[in-house]
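Peer 1: Here's my sequence, what's the structure:
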Amino acid sequence: MNTGFSASPSSPGSSGSSGSSGSSGSFGSFGWSGSSDRAFGDRVVVALDFPDRRSAEVLVERLGDACGSYKIGLELLTAAGPGLARDLVARGHEVFLDLKLFEIPNSVAGAVRAAGALGASMVTVHGMGGTGIMAAAVEAARDFPRLRVLALTVVTSMTGSDLADIGVGAGAEEQVLRLARLAMGAGCDGVIASPREAGPLRALLGPEPLIVTPGVTLGPDGGGAGGHAGGHARPGTPGAAFAAGASHVVVGRSVARAADPVAALRQVRETAREALGAGVPHSGG
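Peer 2: Numbers count the residues shown, from 1 in each chain. Below you'll find the model as predicted:
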């Protein structure tokens, strides 16, 4: 770990964990290492935010080869169990398990090992849990070369007033950057933050760490279809997120609830290409 929070191409990711490979490549205008690209090739991740397995499978079937990466959150994991994640991996998809782990270090480590055993490519741990649980997650991921540990900074539904309610005097951006520093010190491979913090985070962290942004929609100013931001207080468009320095974006309703999900996903990628002036790697069409 160096003070610039960036890993050298020969090291296994920003954390030095075995969860990163050393393949070469770059992304956009910043020199983001292709080491993460090998483990998570599709940088547009579709969120399977559904109450049951069948609903999720319907979207996966509709998207077919157009999507290579999916996010499974707590609702679907609780309703459907781990089998869906295992099956998606077996079909060749990348799976981002958004567990938002916030527990004692031993419990966090056990959950990370379980995620690795399922074949997940990414797993999240709460940055607000502190260095101890983040470091435990990183250590537990060492046995799973494809698994990246990401620290959730400030949930995208939270505002400065929400932070004040729990005794945090900093605004959302300041708190995001503070927790990102902690995450890098703990050895995490990257962070989760809203599209609005992607630029300050990239400036702080340098080119290597992953910056994954949920709260991404296709509507004007990130407002989504009909002006809805899906519960995100700090949304943004995929083009703006990538242009600011995000390595991955997570898109949910804009694709899942579209009349033509494949066309909606294609639109997300096109906005990314326009923002970066280059193609965004993806699986299929």
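Peer 1: What's the separation between the residue nearest the centre of the chain and residue 70?
Peer 2: By C-alpha atoms, centre = their mean, the chain has its centre lying nearest to residue 212, at 3.6 Å. Going from residue 212 to residue 70 by C-beta to C-beta, to the nearest Å gives 13 Å. C-beta: built from backbone N, CA, C; applies to glycine.
Peer 1: can you give me the strands for the stretch 51-200 of the chain?
Peer 2: 69-72, 94-101, 122-126, 148-152, 190-192 (DSSP state E, counting those that start in this stretch).
Peer 1: how about TSV for those, with distance to residue 241 and mean neighbour count added?
Peer 2: Formatted as TSV, the strands of the stretch 51-200 of the chain follow (distance: least, C-beta to C-beta, whole Å; neighbours: other C-beta atoms under 10 Å):
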stretch	distance to residue 241	mean neighbour count
strand 69-72	15	24
strand 94-101	16	24
strand 122-126	16	28
strand 148-152	15	28
strand 190-192	12	29
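Peer 1: want to throw those strands into TSV with distance to residue 46 and mean pLDDT?
Peer 2: Putting the strands of the stretch 51-200 of the chain into TSV (distance: least, C-beta to C-beta, whole Å; pLDDT from 0 to 100) gives the following:
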stretch	distance to residue 46	mean pLDDT
strand 69-72	5	97
strand 94-101	10	97
strand 122-126	13	98
strand 148-152	17	98
strand 190-192	16	98
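Peer 1: circling back: for the residue nearest to the centre of the chain, name its beta-bridge partners.
Peer 2: Per DSSP bridges, the residues bridged to residue 212 are residue 192, residue 248.
Peer 1: That one touches residue 123, doesn't it?
Peer 2: No - using C-beta atoms under 8 Å, residue 212 is not in contact with residue 123, being 11.5 Å away.
Peer 1: Between those two, which contacts overlap?
Peer 2: Contact with both residue 212 and residue 123 is made by residues 96, 150, according to C-beta atoms under 8 Å, 6 or more residues apart in numbering.
Peer 1: Ok, which of the strands of the stretch 51-200 of the chain comes nearest residue 239?
Peer 2: Residue 239 lies closest, by C-beta to C-beta, to one member of those: strand 69-72, at 18.3 Å.
Peer 1: what lines up beside the closest one in the sheet?
Peer 2: strand 44-47 (parallel), strand 94-101 (parallel).
Peer 1: now the first one, how far from the centre of its chain.
Peer 2: Once both centres are worked out by C-alpha atoms, centre = their mean, to the nearest Å, strand 44-47 turns out to sit 9 Å from its chain's centre.
Peer 1: ditto for the longest one
Peer 2: Counting by C-alpha atoms, centre = their mean, strand 94-101 is centred 8 Å from the centre of its parent chain.
Peer 1: Using CSV, write down the CA coordinates of that strand.
Peer 2: Provided in CSV are the C-alpha atoms of strand 94-101 (Å, rounded to 0.1, in the frame of the first residue of the first chain):
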residue,chain,number,x,y,z
GLU,A,94,-20.1,-12.2,-13.0
VAL,A,95,-21.9,-11.7,-9.7
PHE,A,96,-21.7,-8.8,-7.4
LEU,A,97,-23.0,-9.8,-3.9
ASP,A,98,-24.1,-6.5,-2.3
LEU,A,99,-24.2,-7.8,1.3
LYS,A,100,-23.2,-4.5,3.0
LEU,A,101,-21.6,-6.5,5.8
